[in-house]
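# Okay, here's the prediction I keep looking at, along with the sequence it came from:
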Amino acid sequence: IARSAEPLSLAGIHHEQAPPATSAQDQSWDVFISHASEDKESVALPLRDALISRGISVWLDSSELRIGDSLRRKIDHGLASSAFGIVVMSKSFFAKGWPQYELDGIVSQTVAGKQRMLPIWHEISKEEVSTFSPSLVDKIARSTSTHTVEEIAAEIASLLRPSP
């Protein structure tokens, strides 16, 4: 049996404006970490975690790339939208194409004054870096043979977030 009921009042319904959606193109990061995949577990991931724990926003491929993404476009956006480019230089880094592509982008951004390169030498000597690129040894670097990843992260964080 169908019955009619009193219509419900709409007075208690409120419409709240949804926050504006942020486009992926609007996102920026404090640092972009460029590395060879061979150095991901030993340096890139621990460095990302140590920086994030210090309040630093980090672009790292494994955190930013999703299925179907354009690798080049995502890397270019990450490079263009980061204040610092951390480059984990190793023999594997210099032997691969994508890390070289990222290094070219970081160097271009640095020369244009839009970014600052922070080199980390991992299982590679100054002489070996010089063999691959003599101009890169001019930059003050930190080496994983003399500094822990935590110490390097602390120094980078103090550079980005200086104490008063």
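Great, that's in hand.

# Could you list the buried residues of stretch 55-66?
By neighbour count with 16 or more other Cβ atoms under 10 Å, stretch 55-66 contains the buried residues 56, 58-61, 64. In this view, the C-beta of every residue, glycine as well, is placed from N, C-alpha and C.

# distance between the ends of that stretch?
24 Å (Cα to Cα, to the nearest Å).

# pretty sure residue 62 contacts residue 40?
Yes - look at residue 62 against residue 40 with Cβ atoms under 8 Å: they come within range, at 7.0 Å.

# So for stretch 27-42, first residue to last residue, what's the gap.
End-to-end distance for stretch 27-42, by Cα to Cα: 27 Å.

# What mean pLDDT does it get?
The pLDDT scores in stretch 27-42 average 96.

# Numbering from 22 from now on, please.
Fine by me, first position is 22 from now on; the one you just mentioned is stretch 48-63.

# Residue ranges in the protein under the pLDDT threshold?
Low-confidence regions of the chain, defined by pLDDT under 70, span residues 22-46.

# where do the strands sit along it?
50-55, 79-80, 103-110, 137-142, 163-164 (DSSP state E).

# Let me have those strands in TSV, extended by distance to residue 184.
Formatted as TSV, these follow (distance: least, Cβ to Cβ, whole Å):
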stretch	distance to residue 184
strand 50-55	16
strand 79-80	21
strand 103-110	18
strand 137-142	19
strand 163-164	19
